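Chemist: Give me a model of this one.
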Amino acid sequence: MKALQINNEGSVLVAEIAKPTVGTGEILLRIKYVGFCGSDLNTYLGRNPMVKMPVIPGHEVGAVIEEIGEGVPAGFMKGMNVTVNPYTNCGKCASCRNGRVNACEHNETLGVQRNGSMQEYLVLPWNKVIPATGLSEKECALIEPMSVGFHAVSRAQVTDIDTVVVIGCGMIGLGAIVRANLRGAHVIAIDLDDEKLELAKRLGAKDAINSKTDNVVERVKEITDGYMADVVIEAVGSPVTYVTAIDIVAFTGRVVCIGYAKSEVSFQTKYFVQKELDIRGSRNAMPEDFRAVIQYLQNGTCPKDELISAVVKPEQAGDILKTWSENPGKVFRILVEF
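Modeler: Next up is the predicted model:
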């Protein structure tokens, strides 16, 4: 069967590998669409230290159940559209012991620490397969990245009296905007791109700030009558946006960090103390975040097609990754169609 591999920095190929066979407690999936994540782009650029080459990338999956193994409980049917939970958990570390399996110390995400889903068929344990009734295979590939943003809102404990700033309007940031809006918060979106900011407003942001042309601190102060943001969700992963998050969060506010900064970040740590901040990491997503995204997509209000920048065949993946690396700010999600 056909599989996409990143075999070296800047090098992508389509390989022939053996089709997997289904075992007890497992489900064989026919892969239809897989989204390229920022982690896949970093792998392509040689900037992902968690990856050992060559690797099959991909963990944002839209698939169809092809075959069901022995011992799989009722509720799964051949031909059902599904997505997958691409994370593993050991069940023994501190995170697992505390019920936060999304942050397992020994997690292996598809396409990162182990081969991913950019192949024609994939076998997984049944408990990693998530039915998505009423959604197309293409829509299923949007669930995982949005769930990461949904999880960040849960980590922030957002309520309807909060003002929430989301820095970064890619797929994960947009997921955070949607979830914060569903919880009744006043949402402010920040990005460098006006098109992304317009989409953020259609997805629930009440205000939008272009950090390239606006003074972010002054605009947040103006919108909040000087109180600043109760919650800031950092969904970019750069030193500048990390510092901005601390600058614009209110006294006693919460900062939730999703993005990984690729270099050291220099903070005025006095603000941590003076503002008595809660600074929280947010990693991956929990099963309830997947369910919440599926319910949101099922209600039909999401402009799903606008979230997909391109759909390409595996043979075009190298070219599209090169283009994306040269202009990352314009991309929401690129899907590979199998």
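
Chemist: Tell me if I am right that residue 161 is in a strand.
Modeler: No: secondary structure of residue 161 (DSSP: H, G, I helix; E, B strand; the rest coil): coil, not part of a strand.

Chemist: Leaving out chain neighbours, which residue sits closest to residue 128?
Modeler: Spatially, and ignoring its direct neighbours in sequence, residue 128 is nearest to residue 85 (4.8 Å; C-beta to C-beta, 6 or more residues apart in numbering). For every residue, glycine as well, the C-beta is placed using N, CA and C.

Chemist: Report the mean confidence score over stretch 175-195.
Modeler: For stretch 175-195, mean pLDDT is 98.

Chemist: How about stretch 292-310?
Modeler: Averaging pLDDT along stretch 292-310 gives 95.

Chemist: chain center to it, what's the gap?
Modeler: 14 Å (C-alpha atoms, centre = their mean, to the nearest Å).

Chemist: cool, and stretch 183-190?
Modeler: With C-alpha atoms, centre = their mean, you get 18 Å for stretch 183-190.

Chemist: what do you get for stretch 52-61?
Modeler: 15 Å.

Chemist: Could you pull out the helices in the stretch 51-200 of the chain for me?
Modeler: With DSSP state H, counting those that start in this stretch applied, the stretch 51-200 of the chain shows helices at 94-97, 137-140, 143-156, 171-182, 194-202, listed in chain order.

Chemist: rewinding a little: let me know the pLDDT of the residue nearest to residue 128.
Modeler: The per-residue pLDDT of residue 85 was computed as 98.

Chemist: so who does it touch?
Modeler: Counting by C-beta atoms under 8 Å, 6 or more residues apart in numbering, residue 85 touches 127-130, 144, 287, 290.

Chemist: Mind checking which of those are buried?
Modeler: Neighbour-count burial (16 or more other C-beta atoms under 10 Å) applied to the contacts of residue 85 gives 128-130, 144, 290.

Chemist: residues near the closest residue in space to residue 143 that isn't next to it in sequence, how many?
Modeler: Using C-beta to C-beta, 6+ apart and skipping residues adjacent in sequence, the residue nearest residue 143 is residue 83, 4.5 Å away. Using other C-beta atoms under 10 Å, residue 83 has 29 neighbouring residues.

Chemist: if I look at the residue most central in space within the chain, how far off is residue 77?
Modeler: Centrality entry for the chain: nearest residue to the mean C-alpha point is residue 145, 2.7 Å, by C-alpha atoms, centre = their mean. Distance, residue 145 to residue 77, by C-beta to C-beta, to the nearest Å: 26 Å.

Chemist: Next: residue 119.
Modeler: 22 Å.

Chemist: Same drill for the two, tell me which one is more crowded.
Modeler: Shown here are residue 119 and residue 77; by other C-beta under 10 Å, residue 119 has more neighbours (23 against 9).

Chemist: if we can go back for a sec, tell me the spacing between the residue nearest to the residue nearest to the centre of the chain when sequence neighbours are not counted and residue 44.
Modeler: Excluding its sequence neighbours, the residue lying closest to residue 145 (C-beta to C-beta, 6+ apart) is residue 171, at 4.2 Å. Separation of residue 171 from residue 44 (C-beta to C-beta): 17 Å.

Chemist: do the same with residue 114
Modeler: From residue 114 to residue 44 the distance is 17 Å (C-beta to C-beta).

Chemist: Those two: which has the busier surroundings?
Modeler: residue 44 (24 against 15).

Chemist: what helix or strand does the spatially closest residue to the more buried one that is not a sequence neighbour sit in?
Modeler: Nearest residue to residue 44 in three dimensions, chain neighbours excluded: residue 321, at 4.8 Å (C-beta to C-beta, 6+ apart). Applying DSSP states H and E as the criterion places residue 321 in helix 317-326.

Chemist: quick one: buried residues of that helix?
Modeler: 317-318, 320-321, 324.

Chemist: Any stretches of the stretch 1-150 of the chain with poor pLDDT?
Modeler: In the predicted model of the stretch 1-150 of the chain, no residue satisfies pLDDT under 70.

Chemist: Could I get the full set of strands for it?
Modeler: Taking DSSP state E, counting those that start in this stretch as the test, the strands found in the stretch 1-150 of the chain are 2-8, 11-16, 26-36, 60-68, 81-84, 121-125, 129-131.
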